[in-house]
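# fold the stuff below for me.
(2 chains)
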Protein chains: 2
Amino acid sequence: MQFVLHEVLDAAATLQGAGIDIDIDTIDGVIEGAGDFCARVVAPLNTVGDRDGCRLVGDTVVTPPGFKKAYDQYVAGGWPAVDCDVEHGGGGMPSTVGSVIKEMLASANPSWTLYTSLSAGAYRCLNANASEALKRRYLPNLASGKWTGTMCLTEPHCGTDLGLLTTRAVPADDGSYRISGTKMFITSGEHDLAENIVHLVLARTPDSPKGTRGISLFVVPKRTIDSAGTPGDRNGVYCDSIENKMGLHGSATCVLRFDNAVGHLVGEVNKGLAAMFVMMNGARLGTGVQALGMNEVANQKALTYARERIQSRAPESRRTPNQAADPIIDQPDVRRMLLTQKSWSGGSRLFLYWLALQVDLRKSSADPSVREYAEDMLSLLTPVAKAFVSDRAVDSASLGMQVHGGAGYIADYGAEQTFRDTRILPIYEGTNGVQSHDLLQRKVLSDGGRRFKQFVEMVSGYAQTLDGRQEMDLFRVALITLAGEIDTLVTDLARWAQDDDCRVGTSAVDFLNLVGYYVLAYFWARAADTVLQLGDQATDFHRQQLAIARFYFDKLLPDTFSLLVRARSDTRILMDDAAIAF
Amino acid sequence: MQFVLHEVLDAAATLQGAGIDIDIDTIDGVIEGAGDFCARVVAPLNTVGDRDGCRLVGDTVVTPPGFKKAYDQYVAGGWPAVDCDVEHGGGGMPSTVGSVIKEMLASANPSWTLYTSLSAGAYRCLNANASEALKRRYLPNLASGKWTGTMCLTEPHCGTDLGLLTTRAVPADDGSYRISGTKMFITSGEHDLAENIVHLVLARTPDSPKGTRGISLFVVPKRTIDSAGTPGDRNGVYCDSIENKMGLHGSATCVLRFDNAVGHLVGEVNKGLAAMFVMMNGARLGTGVQALGMNEVANQKALTYARERIQSRAPESRRTPNQAADPIIDQPDVRRMLLTQKSWSGGSRLFLYWLALQVDLRKSSADPSVREYAEDMLSLLTPVAKAFVSDRAVDSASLGMQVHGGAGYIADYGAEQTFRDTRILPIYEGTNGVQSHDLLQRKVLSDGGRRFKQFVEMVSGYAQTLDGRQEMDLFRVALITLAGEIDTLVTDLARWAQDDDCRVGTSAVDFLNLVGYYVLAYFWARAADTVLQLGDQATDFHRQQLAIARFYFDKLLPDTFSLLVRARSDTRILMDDAAIAF
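Residues are numbered from 1 along each chain as shown, chains lettered A, B, ... in the order given. As a prediction, the model looks like this:
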């Protein structure tokens, strides 16, 4: 983390340049404190959360043993507020630091962490869209962690296609609304950790237009709040059931029934979807960070097992020449799996921390061109951060199981729990198919490739600075070559899409993966560059990063050869109705 | 199934040519009967098996509700014996028909099916290696399903590396042995379905050589058997615990403690590993068939969901022009997922049924060159059948979840159970890494590529017969091109491996995947060929198979471009110790 922040990305200086008062020591202090909290308080509850899960008892959800106590400690330590604004009682730390903490929480215990992670999104959504009165009522309590947040979009008949939603919001005489309808897949929709829950709910007012243009955003508390801001009686929000899921058993995924629940409009009528997307985009970046944390822990577990498990002679038997067998870490195929995990986790970290810096620059920079650039990069790359990083985390968790052999399939080692917990990431907050469509259609083709060219030009500009440094040739040549191939592909896809409505859907997933490989190639090149510039000052840790970067370019980046062809596959073959006749 | 057996592979005629008395109607009758049994009796227990799982109660394992009754019906119907020899009370049906039944059982309920599938392996292993007295005692009861079998290899400290095993077998005065030691991951090691369990156990006699040359095979019954062949008291075999697994909850995976258990030697002392490999190779092919069945069911579930789930407008909105949304099956990316599943399941079926025919030819053909060819193909391609087909089944089960969106992650739709159940396949019966090593080292490089060239020549010979048929150009060109590229790769790998002990391990997994894509390309080409030769006689079903074949060549086979490069990746980069220093 420190290598990425301080040595590769020069985060403190970047943030200072945007007028944020931070230095390396402050960042390191927060990271170390958070690491200690995660290791001591949060991680030990990961197994029990999976084993005991949540139970719906009466009108509340009972979380696994220890979750409440850990949450109280989290609140007492001031962690929820670290990157909230000072005026709401927050620590005012940059998002970049918040992302590092979120990564560690996800490594330690992804189920428990979900109770905390939507509060930050609700905070930001209300902060961006709500009236001052609503902000005063909700933001300090969300920042402190006294209350938690939810995001209520999905209904039984609509998930991806929110235009179909039917939850109703009827105006009351006092300016509030009465919300009725059923929402499902609501993470932390009900639980026993906090005194109140702040639901952000999409619903339709009477006579609103059909489709997505008739959706408004409401804030609906679990307990109604009196004029002094104190929670009182239960509002008309009922948890009818919780889902029996593949993983994340410690996280309550709720079906919520709103029955004349008192709510308040956030922002303008019929502008709810845009307001909610402030939260949704944050949640998508957050999913990437979760994925990073889970990838990291999958690798750490596999690495430990591979060092300890003695089985078969390794080809070169370097470690234990007089023994009957060696640690499996010296088997080339086990190395392949471990280094693949490390490539994805390390590369994702470089990418996501850089994106987190863009969040801070967008918010704080005095320079409009810096803010605009940050906004462009965030809108372009958020779907890549969500989809590519989460797909690779699932791959990594699966490799982690595979390194364990038979032990990977049983509960005792935790590898299978990490895999089950990780598998939701490509699904929620918009499936990875939806992300791919968003990237190709709305982020690349819609502006004639403007934002995308900006990114490619940055990468190619960087690659050109490496000219003449032979040690960087491997990286430079690959980056330049790939940029040319992707550029040609984008041009072709844009042309084809003009008279083929299925083209985007046919190519989108392969295109997103291609971009993902390219993005990580850029960041691994920068990491390698950073190490090589250290010369004799490089430590063992630095040499490790260089070795992983080389592995990434040698073994993984060749996947782009396939993706470049697959992305051009034939729409008519894919959409031949004969193929799905049975 | 009938398309593959009768139209593409001409199975009945092939079997008749080897002197096996069978015809199409007989095959179809057995398949239809088995399909009915699976649908009516076995499939309905799949969910309860996952939910209730197995329990260790006292000295036995209680299987999920309904499992015993279904097993009794299975025995009463004569299903265990279908492909056992007539002399042991079996039906004498060819392995090819047995494989079709196994596929359906695995689709219906993989946990329940595991209680049946090791019996066939134990039957074949004893049939090939045991004395006549042991055969008389065990084979009829295994064939009838009255008793079930196990395969006891793994110990806590040894799985892949059986040379490390320590279970002891001490000779007794009566010619039997006393077996002591702990075996783990024993599928169906204890259960309440049958009156006896026949354990095939690897152990060491006193003073046996170290490593794999000192391993002998023993048959150890759960209950000792008197001279009349009737089971009596419990033998010294104890189930100490059952594993808490990611999936296959209905299948008991046991830790077995052998404590002076009475056993008998099977075959010769110190030749146990070779004898066991009769069973192991069958289990590896069987894992491929299981994977096929689970891939198929994952696709069927996803297809049903994709037809029923109405969400968003599809690009061409062909089905419901006046509605707000279309079935998601008309989204190109959903088609991609469904057709990928279909490519893997249909291609795996062609491949595995062809291999099953080789099993029958090896056993029954009067022509030694046919038998030898079949043996060559089986030894070459068994690791591909195990590893490639199981990896693709996991991919397919994961795609099946993804098609379901959020519904894929919750228990209600069954997609996540199929995924959890499938995830063991790349691990057990030798991990897919081990299979890859076996393929490249022992099956391809060890004989100078003789067996592999035989297969490639068969494929290329077939491809040349397509010359001049423009409709088959797509398939012909790809098969010929790929053969040349793989041939060059094998030559390079053989040369490099001479002075690089890590080369095989570095390239093995990519090489196996490459071969897998190539094998399925051959079979999909034959399927397409079969359909195209039908001309106007082709039905909708036939046109579907042609459409899937085209999709496979257009969208999936391009993955070989990457694999060809990855397989050449740099051993020194992979094995750079700096990369795993942390």
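
# in stretch A:26-45, which residues are buried?
Counting neighbours by 16 or more other Cβ atoms under 10 Å in any protein chain shown, one finds that the buried residues in stretch A:26-45 are A:27, A:30, A:31, A:34, A:35, A:37, A:38, A:41, A:42, A:43, A:45. Just so you know, the C-beta spots here come from the backbone N, C-alpha and C atoms, and that holds for glycine as well.

# helices of the stretch 251-400 of chain A, start to end?
Here the stretch 251-400 of chain A has its helices, by DSSP state H, counting those that start in this stretch, at A:272-308, A:332-364, A:368-403.

# number of nearby residues for the residue of the stretch 401-550 of chain A found nearest chain B?
Minimum separation of the stretch 401-550 of chain A from chain B (Cβ to the nearest Cβ) falls at residue A:505, amounting to 3.1 Å. Using other Cβ atoms under 10 Å in any protein chain shown as the criterion, residue A:505 is surrounded by 27 other residues.

# same check, this time on residue A:228
6.

# how near is it to residue A:102?
The gap separating residue A:228 from residue A:102 is 33 Å, by Cβ to Cβ, to the nearest Å.

# and what of residue A:30?
Using Cβ to Cβ, one gets 12 Å for the distance from residue A:30 to residue A:102.

# and residue A:164, by the same measure?
Taking Cβ to Cβ as the criterion, residue A:164 is separated from residue A:102 by 32 Å.

# tell me which of these two has more neighbours.
Shown here are residue A:164 and residue A:102; by other Cβ under 10 Å, residue A:102 has more neighbours (27 against 18).

# isn't that one right up against residue A:291?
No: counting by Cβ atoms under 8 Å, residue A:291 is not a contact partner of residue A:102; they are 10.9 Å apart.

# circling back to that earlier point, what about the buried residues of stretch A:26-45, which are in helices?
With helices taken from DSSP state H, the overlap with the buried residues of stretch A:26-45 comprises A:27, A:30, A:31, A:34, A:35, A:37.

# buried stuff in whichever strand in chain A runs longest?
Ordering each strand of chain A by length in residues (DSSP state E) puts strand A:253-266 first. Using 16+ other Cβ under 10 Å as the test for burial, strand A:253-266 gives A:253, A:254, A:255, A:256, A:257, A:258, A:261, A:262, A:263, A:264, A:265, A:266.

# distance of the first one from residue A:195?
Note on residue A:253: its distance to residue A:195, by Cβ to Cβ, is 21 Å.

# which residues are in contact with residue A:525?
Going by Cβ atoms under 8 Å, 6 or more residues apart in numbering or on different chains, residue A:525 touches A:462, A:463, A:466, A:472, A:475, A:476, A:479, A:549, A:553.

# and the pLDDT for residue A:318?
Looking at residue A:318, its pLDDT reads 67.

# now do the end-to-end distance for stretch A:104-116.
Across stretch A:104-116, the terminal residues are separated by 13 Å (Cα to Cα, to the nearest Å).

# from the chain's centre, how far out does that stretch sit?
12 Å (Cα atoms, centre = their mean, to the nearest Å).

# wondering if it reaches chain B at all.
No: among the residues of stretch A:104-116, none lie within reach of chain B under Cβ under 8 Å from any Cβ of the partner chain; the closest is 13.3 Å away.

# touching, residue A:376 and residue A:452? I think so.
No: when contacts are counted by Cβ under 8 Å, residue A:376 is not listed as touching residue A:452 (9.5 Å).

# isn't residue A:526 up against residue A:465?
No: with contact defined as Cβ under 8 Å, residue A:526 and residue A:465 do not form a contacting pair (10.8 Å).

# what about the residue lying closest to residue A:472 once chain neighbours are set aside, neighbour count?
Computed as Cβ to Cβ, 6 or more residues apart in numbering or on different chains, the closest residue to residue A:472 that is not its neighbour in sequence is residue A:466, at 4.2 Å. Residue A:466 is flanked by 20 other residues according to other Cβ under 10 Å.
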